[in-house]
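**Student:** below are the sequence and a predicted model for it; my questions follow.
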Amino acid sequence: MIRVGIVGGTGKLGKDIIRLLIEHTEITLGAVIARKNNPFAGKELGSLIESQITDIIIQDDILGASEKCDLYIDCTNVDSFMENYDAYVLGNKPVVIATTGFESKDMEKINLLAESIPVVICPNFSIGVYKFLKLIKLAASEFCIDANIDILEYHHKFKKDKPSGTAIEIAKTIRESGFEEQINVHSVRAGNIVGEHSVLFTTDDNERIEISHKIYSRDGFSRGVMETIKWIIDKDVGLYGIEDIFN
């Protein structure tokens, strides 16, 4: 049984993953960790989500939860992750990073962390997104020389980072195909949109090819979350990405 510690468990994504774990048979919820002074810290899990579990108390200390976890999933934000960085170094357990928006200086530290533990950066747990990226790579190799490229991404109004981590990954995939011109990224934050990404290849011949991926429910993340947990738990030290997991 794999025991998972959810860091940032009181947030939207954290709660979604907690609900998945408490219903799973091979993977279990080991601990829920919130930031210091979080109003849920010290309370039973049932105060956060509807659950019959009474033996899990929401904590505010990553290292204090270490004995209850085999790995961590960090669902916080860039600033919080970097604040938690030393705890992950000392905890010496695999870390799944489910937040986005890291700058180059942050990535330098993450690369350093990955020299001592397995680290996977997962800006999107959807398996469909991985297949979407493969299609984008194929399309970019065919059209990028003669096309203008635009990325459109839509998320719920509470998502703070712009552009999304998936949009950044899309742009990276296009660059790897040799496209050197400007890539325009358009971000929309509205309502309860779970996640939508489109790439437009517009040519000088007055044609446009559009490839899109839409998630209609957060249930779409569930298989990807579980596959990621099972994949990372026995990996060697190193920095991994979504393409390593779902390849």
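**Tutor:** Sure, I can see it. Residues are numbered from 1 along each chain as shown.
**Student:** what is the neighbour count of the residue lying closest to I2 once chain neighbours are set aside?
**Tutor:** Spatially, and ignoring its direct neighbours in sequence, I2 is nearest to I27 (4.7 Å; CB to CB, 6 or more residues apart in numbering). C-beta: built from backbone N, CA, C; applies to glycine. Neighbourhood size, I27 [other CB atoms under 10 Å]: 19.
**Student:** give the buried residues for the worst-scoring helix or strand of the chain on mean pLDDT.
**Tutor:** Within the chain, no helix or strand scores below helix 242-246, which has a mean of 85 by mean pLDDT, DSSP states H and E. Counting neighbours by 16 or more other CB atoms under 10 Å, one finds that the buried residues in helix 242-246 are 242, 245-246.
**Student:** what about the longest helix in this structure?
**Tutor:** helix 127-143 (DSSP state H).
**Student:** from the contact counts, what lies against that one?
**Tutor:** For helix 127-143, the elements it packs on are helix 165-176, strand 195-203, strand 208-215, helix 222-232, helix 242-246, judged by 3 or more CB pairs under 8 Å, 6 or more residues apart in numbering; DSSP states H and E.
**Student:** what sits up against that helix?
**Tutor:** Applying CB atoms under 8 Å, 6 or more residues apart in numbering, the external contacts of helix 127-143 come out as 149, 166, 169-170, 173-174, 176-179, 197, 199, 201, 203, 209, 211, 213, 215, 220, 223-224, 227, 242-243, 245-247.
**Student:** same check on stretch 223-231?
**Tutor:** For stretch 223-231, the external contacting residues (CB under 8 Å, 6+ apart) are 2, 4, 17, 20, 24, 26-27, 71, 73, 96, 120, 122, 124-127, 244-246.
**Student:** buried residues in stretch 165-178?
**Tutor:** 165-171, 173-174, 177.
**Student:** now V120, which residues is it bridged with?
**Tutor:** V96, Y240 (DSSP bridges).
**Student:** with D74 instead?
**Tutor:** Under the criterion used here (DSSP bridges), D74 is bridged to V7, I97.
**Student:** right, I'll call it a day here.
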